[in-house]
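**Q** sequence and predicted structure are below.
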Amino acid sequence: MSFLDILLIIISSAGLIHGITFAIHFVFFKKKKTITNYLLALILVFMAFRIGKSVMLNFGNNLEPVFIFTGLAFLLLIGPFLRWYVVGMTRVNFKLPRLYFLELLPFAFIFFASFFAPKNGFDTNDKQVIIVFGSALIFIYLHFAFYIFLAYRVLKNKQKEMITETLTKSHKAIFAWLNLVLIGFAVIWVSYFFNIVEDAVPYIIGPIIYSFVVYYLSFKAFQFKITDIDGNVFKPNNDKVLFDRISNLIANDKLYLETTLSLASLSKLIEKSTQKTSEVINQYAKQNFNDFINFYRIQEAKSLLENEKNKNFTIASIAFDAGFSSLSSFNYAFKKFEGMTPSSYRKSLKTSV
């Protein structure tokens, strides 16, 4: 065995071992036990069986046909489990319906049929055997591609459903993660499929690509903290309703005109904690509490400054009428939002007339 062969075995086997280690982490060492984590762990284990078969077939001799067929059969498991995983990551309170398990019948059929494969099946020139094997192989790979497509449809439908919603950090993490997972599996599928099309791609490329994909996905999983979240992050969001209520109080009821308005007083009014009120404003207004309130106050001040009836009013009186408690805070806020002082703004109005 050449040095290159040894190197290829190490690279492809490393991804296999890493995938299994990743799966063990989900099942035994992760405090949060979720269906989605179990599904992802099983996908990694099934892929390990599939990749292990590929490595042994590429470098081993006289591999038993039963082992080859069972390895291929695991693709019939990975497809449904991949779809279930995507559904679980995008659906609230996901539970596996019993009907889903009917999707495993193709795997059961091929898996048990593999035990009846003749030992010399790959050495024969029998056209019937070649047709049966070729048909099974094509069916398995098209089945896997079909489920990748189904999983993709589930993801895209969820993204369309959320298009009018304000996405949280968890929402964005799930969408980014699932896109990467599906792209990764699509790349693995392409590498194997083109191998069976007149050996367009060397067989060992599949396991090598899998190794790179699983290492990259494991890195992204921890970066997104994906094992700590699932479809429950899509529960109906009452925060938007709360923000609309806050906006109505501030903008329509002109609560911003009260100089004593504070985060604490607003929180008490809406019967929420200061932390929750601040969090909701930050999320939907993309501003902190002070900037959120001052924005409305500055618009009020501009309106007062532009009114000819107020041309004799001092800047200080305009500030207090707009809800500011001090002239200094008014000047600071005005310059922050408008890029000039209130006095300069008033002068600019005169010159533009």
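**A** It's in.
**Q** show me what the helix or strand harbouring Arg297 is packed up against.
**A** Element membership for Arg297, per DSSP states H and E: helix 289-306. On a contact count with 3 or more C-beta pairs under 8 Å, 6 or more residues apart in numbering; DSSP states H and E, helix 289-306 meets helix 274-285, helix 315-321, helix 327-338, helix 342-352. Heads up, the C-betas are built off the backbone N, CA and C, glycines and all.
**Q** make it 10 Å
**A** Under the contact definition 3 or more C-beta pairs under 10 Å, 6 or more residues apart in numbering; DSSP states H and E, helix 289-306 sits against helix 238-247, helix 263-270, helix 274-285, helix 315-321, helix 327-338, helix 342-352.
**Q** distance to Val181 added to those helices, as JSON lines?
**A** Listed next are the helices and strands packed on helix 289-306 as JSON lines, based on distance: least, C-beta to C-beta, whole Å:
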{"stretch": "helix 238-247", "distance to Val181": "28"}
{"stretch": "helix 263-270", "distance to Val181": "40"}
{"stretch": "helix 274-285", "distance to Val181": "27"}
{"stretch": "helix 315-321", "distance to Val181": "55"}
{"stretch": "helix 327-338", "distance to Val181": "43"}
{"stretch": "helix 342-352", "distance to Val181": "53"}
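**Q** could you export those as JSON lines, including mean pLDDT and distance to Ala151?
**A** Shown next, in JSON lines, are the helices and strands packed on helix 289-306 (pLDDT from 0 to 100; distance: least, C-beta to C-beta, whole Å):
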{"stretch": "helix 238-247", "mean pLDDT": "85", "distance to Ala151": "28"}
{"stretch": "helix 263-270", "mean pLDDT": "91", "distance to Ala151": "41"}
{"stretch": "helix 274-285", "mean pLDDT": "90", "distance to Ala151": "29"}
{"stretch": "helix 315-321", "mean pLDDT": "90", "distance to Ala151": "58"}
{"stretch": "helix 327-338", "mean pLDDT": "90", "distance to Ala151": "46"}
{"stretch": "helix 342-352", "mean pLDDT": "79", "distance to Ala151": "56"}
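**Q** reformat those as CSV; add distance to Gln159 and mean neighbour count.
**A** What follows is the helices and strands packed on helix 289-306, written out as CSV (distance: least, C-beta to C-beta, whole Å; neighbours: other C-beta atoms under 10 Å):
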stretch, distance to Gln159, mean neighbour count
helix 238-247, 18, 15
helix 263-270, 32, 15
helix 274-285, 19, 16
helix 315-321, 46, 18
helix 327-338, 34, 17
helix 342-352, 43, 13
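**Q** tell me which of the ones you listed lies nearest to Ala186.
**A** helix 274-285 (33.5 Å; C-beta to C-beta).
**Q** report the angle between the closest one and helix 263-270.
**A** 90 degrees (axes from the mean of the first three to the mean of the last three C-alpha atoms, to 10 degrees).
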